[in-house]
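Trainee: Predicted model follows, preceded by the sequence.
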Amino acid sequence: MIFQKSLQDIFSKEVLFFVFKTASLSLILTLFLTWGLGDNLASFIASYLSWIPWEWLQTTGASVMAFAFSYMLFIIFMSIFTALYSEPLLISLAKKHYPHRAVIDSPKISVSLFLTLKSAFWALVLFIVFLPVFFIPILGQVFLVYIWSILLKDASIYDVGTLFVADKQILKNKSKKARLIAMIASLFNLIPFVNIFASVFAQIVFLHYILAND
């Protein structure tokens, strides 16, 4: 039920407009950063792949890694912008579906940004260290979805929970399924263009999970 509501929400005008804004900002920053890194990124990738004995595989791997790194940056920026700017959207959706629920607090931008940047740091480190694993069929994709879920879990708990849950113990109990929700939302990242919905979908699902079962 909560996933059905969430899927309906992401096709609403307000969510589509929000996603368009965050995706545009994320794309601009991703292009700017990858262009700025330029030769440094190419050198890092070449060094990273130097252990591979086949030159043709090094060349192919370098192209794949460059794209994967840029793709990861885009997803990170989407997570950051969603965490920073989703509050009005979440409140609007809550009023629409759960008009009896009042907003009790507002997430602090500094805390939301810290949680998102910390998650982004660890996700990026794991992504770089375990990149060869992603080429293993099924196992690689499952692990990649797990890494992407790191970007979504803590920010969703904090941003949504702060708005509507005063009792920290209740929020802690509700958060037990946050990893599963984040991983399901991260499946969107496996599909280019659809991936722009992953971050906001995670927050919307968590919103419904908290309020619909309260």
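Mentor: Great, that's in hand.
Trainee: what pLDDT, on average, does the host helix or strand of F32 get?
Mentor: Assigned by DSSP states H and E, F32 belongs to helix 13-48. What helix 13-48 shows for mean pLDDT is 82.
Trainee: so how far is T22 from the closest residue in space to F134 that isn't next to it in sequence?
Mentor: In space, and not counting its chain neighbours, F134 is closest to G140: 4.0 Å by Cβ to Cβ, 6 or more residues apart in numbering. Every C-beta, even on glycine, is put in place using the N, C-alpha and C of the backbone. Counting by Cβ to Cβ, to the nearest Å, the gap from G140 to T22 is 27 Å.
Trainee: Between these two, which is the more surrounded one?
Mentor: Between G140 and T22, T22 has the larger neighbour count (other Cβ atoms under 10 Å), namely 23 against 15.
Trainee: Is the more buried one in contact with A83, as I believe?
Mentor: No: T22 is beyond contact range of A83, at 10.0 Å (criterion: Cβ atoms under 8 Å).
Trainee: Overlap in contacts, these two.
Mentor: Common neighbours of T22 and A83 (criterion: Cβ atoms under 8 Å, 6 or more residues apart in numbering): S199.
Trainee: Where does pLDDT dip in this protein?
Mentor: Along the chain, the parts satisfying pLDDT under 70 run over 38-64, 213-214.
Trainee: Quick check: next helix or strand after the helix or strand where the residue nearest to F134 lies?
Mentor: In this structure, G140 sits in helix 139-164 according to DSSP H and E. Using DSSP H and E, the helix or strand that directly follows helix 139-164 along the chain is helix 168-174.
Trainee: by contact count, what packs against the very next helix or strand once past that next one?
Mentor: Counting by DSSP H and E, the next helix or strand C-terminal to helix 168-174 is helix 178-186. Counting contacts by 3 or more Cβ pairs under 8 Å, 6 or more residues apart in numbering; DSSP states H and E, helix 178-186 packs against helix 139-164, helix 198-212.
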